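S.K.: 3D, please:
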Amino acid sequence: MRKRIFLSVLLCIASTKLFAQYNWVVYPNTPTTPERFDDVYFINPNQGWLVEPIAAYSITDKILGKVYETRNAGVTWTLVHDSMESYLRSVGFIDSLHGFIGNLGDQTVTSDTVAMYSTNDGGKTLTPVNFPSPRPKGICGISVVSSSVVYAYGRYYGPSVLAKTIDGGKSWKTYDMSSYASVGLIDGWFWSKDTGFITGQNGPNSVILHTTDGGETWQTVYEATRNDTDHVWKIFFPSRNVGYGSIEYTGNSGIYISNNLGSYKTYFVKTTDGGKTWTEHPFIPNYDEEGCGFINDTVGWIGGWTGMSYITKDGGNSWALDSSFGIASVPYTQPLPYINRFRKFGDSLFY
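M.R.: Below you'll find the model as predicted:
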């Protein structure tokens with residue numbers, strides 16, 4: 001089985017901007033998993049949580065559902081919850097105790113059909129969230145806007161449901177988003193309680209949606225026209241005007257099937273006007289994009305299931321392998337880490 005390693009990362013930037021260096025540092029005490037970690041969330045540079053989904057893609061295999069916490073910036077981690085049956089997919093915390101953890105709810109690999117859990121003790125105890133109708137069957141992404149306002153959305157293969165709370169999770173309102181994203185919802189980015197973006201797939205095409213009224217109405221600001229069967233997997237804004245989105249190609253079947261997709265073109269999208277318009281740009285052919293993160297408007301990374309992560313230093317005009325992600329010695333052996341999520345603090349710290 002392929003091994004994916006979560007990287008806890010510090011970006012060290014040289015004092016002279018002309019010769020800035022971007023170095024990824026692997027924290028050796030970070031937990032490892034036979035499969036992968038789907039999400040990581042930090043409330044400050046020191047305290048964060050890491051969620052682990054499953055060990056293998058079969059309901060007859062051992063199912064995992066672990067939550068880890070760090071209070072020293074990833075130097076050490078503590079296992080705070082182990083359900084042994086949940087496909088934990090996403091995570092977001094309001095403060096050191098109160099947070100939410102999304103579950104994929106995929107019945108082919110787990111009997112747990114709860115879409116999302118809440119916690120009031122830092123992840124030790126998980127309580128099912130009782131969503132109203134329309135009920136999501138899984139939550140792929142969580143956006144914590146404030147101590148009161150939280151958005152959750154999913155699944156990537158449907159149904160397309162947006163959930164929102166304005167009272168810190170005491171009550172929720174849900175929205176059927178299938179008219180905008182018929183296949184599913186995946187990721188999001190919110191600037192305020194009213195303004196933000198969610199991503200996914202509509203028919204065979206990638207889509208990005210925008211709201212300015214807290215999710216009551218939505219505008220499609222990007223939809224691909226290639227009919228390639230792909231979706232916007234992650235969205236990231238290094239500044240208010242500049243944003244990027246990674247596009248994962250899923251093949252004609254509409255679902256991800258290993259790395260055996262044959263030869264295909266890949267793309268990412270970029271905005272320079274705050275998300276009003278998005279432009280497609282070519283990426284590395286035959287690369288299965290997932291994680292997307294930028295330290296500033298021009299320097300950033302895209303990683304995914306295919307292996308090595310790529311860096312751009314010119315706003316996506318060109319890309320090069322970033323060898324600092326790969327460590328050839330035990331325990332970080334081939335294949336190299338697969339990146340699904342980036343989290344940023346300030347101008348130099350990335351997880």
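
S.K.: where are the low-confidence patches of this structure?
M.R.: 1-20, 34-35, 54-63, 252-262, 306-307, 326-337 (pLDDT under 70).

S.K.: and residue 123, how far is that from residue 269?
M.R.: Relative to residue 269, residue 123 is positioned 33 Å away (Cβ to Cβ, to the nearest Å). In this view, the C-beta of every residue, glycine as well, is placed from N, C-alpha and C.

S.K.: what about the strands in the stretch 251-351 of the chain?
M.R.: 267-271, 279-282, 289-294, 300-304, 307-312, 320-321, 344-345, 349-350 (DSSP state E, counting those that start in this stretch).

S.K.: give the partner strands of the one helix or strand residue 68 maps to in its sheet and their orientations.
M.R.: If you go by DSSP states H and E, residue 68 is part of strand 66-70. Strand 66-70 sits in its sheet next to strand 48-52 (antiparallel), strand 78-82 (antiparallel), going by DSSP bridges.

S.K.: residue 284 against residue 266, yeah?
M.R.: Yes: with contact defined as Cβ atoms under 8 Å, residue 284 counts as touching residue 266 (6.3 Å).

S.K.: mind exporting the C-alpha coordinates of the strand holding residue 68 to CSV?
M.R.: Below are the C-alpha coordinates for strand 66-70, written out as CSV (Å, rounded to 0.1, in the frame of the first residue of the first chain):
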residue,chain,number,x,y,z
LYS,A,66,-8.4,9.4,14.6
VAL,A,67,-8.0,13.0,15.8
TYR,A,68,-4.6,14.3,16.9
GLU,A,69,-3.8,17.6,18.6
THR,A,70,-0.6,19.6,18.9
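
S.K.: quick one on the thing from earlier: columns mean neighbour count on top of the strands paired with strand 66-70, output as JSON lines?
M.R.: What follows is the strands paired with strand 66-70, written out as JSON lines (neighbours: other Cβ atoms under 10 Å):
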{"stretch": "strand 48-52", "mean neighbour count": "25"}
{"stretch": "strand 78-82", "mean neighbour count": "16"}
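
S.K.: to residue 109, which of those lies closest?
M.R.: Residue 109 lies closest to strand 48-52 among the strands paired with strand 66-70, at 13.2 Å (Cβ to Cβ).

S.K.: how about the strands in the stretch 101-250 of the chain?
M.R.: Using DSSP E, counting those that start in this stretch, strands in the stretch 101-250 of the chain cover 116-119, 127-128, 141-144, 150-154, 161-165, 173-176, 184-190, 196-202, 205-211, 219-223, 230-236, 243-249.

S.K.: list the helices and strands the third one packs on?
M.R.: Judged by 3 or more Cβ pairs under 8 Å, 6 or more residues apart in numbering; DSSP states H and E, the packing partners of strand 141-144 are strand 88-93, strand 99-103, strand 150-154, strand 184-190.

S.K.: what lines up beside it in the sheet?
M.R.: Short version: by DSSP bridges, strand 141-144 pairs with strand 150-154 (antiparallel).

S.K.: can you pull the buried residues of stretch 162-175?
M.R.: 162-166, 169, 172, 174-175 (16 or more other Cβ atoms under 10 Å).

S.K.: could you work out the most separated pair of those residues?
M.R.: Across those, no pair lies farther apart than 169 and 175, at 16.8 Å, counting by Cβ to Cβ.

S.K.: if we ignore the residues flanking it in sequence, what's nearest residue 349?
M.R.: residue 45 (5.9 Å; Cβ to Cβ, 6 or more residues apart in numbering).

S.K.: what sits against that neighbour?
M.R.: Taking Cβ atoms under 8 Å, 6 or more residues apart in numbering, we find residue 45 in contact with 73, 345-346, 349.
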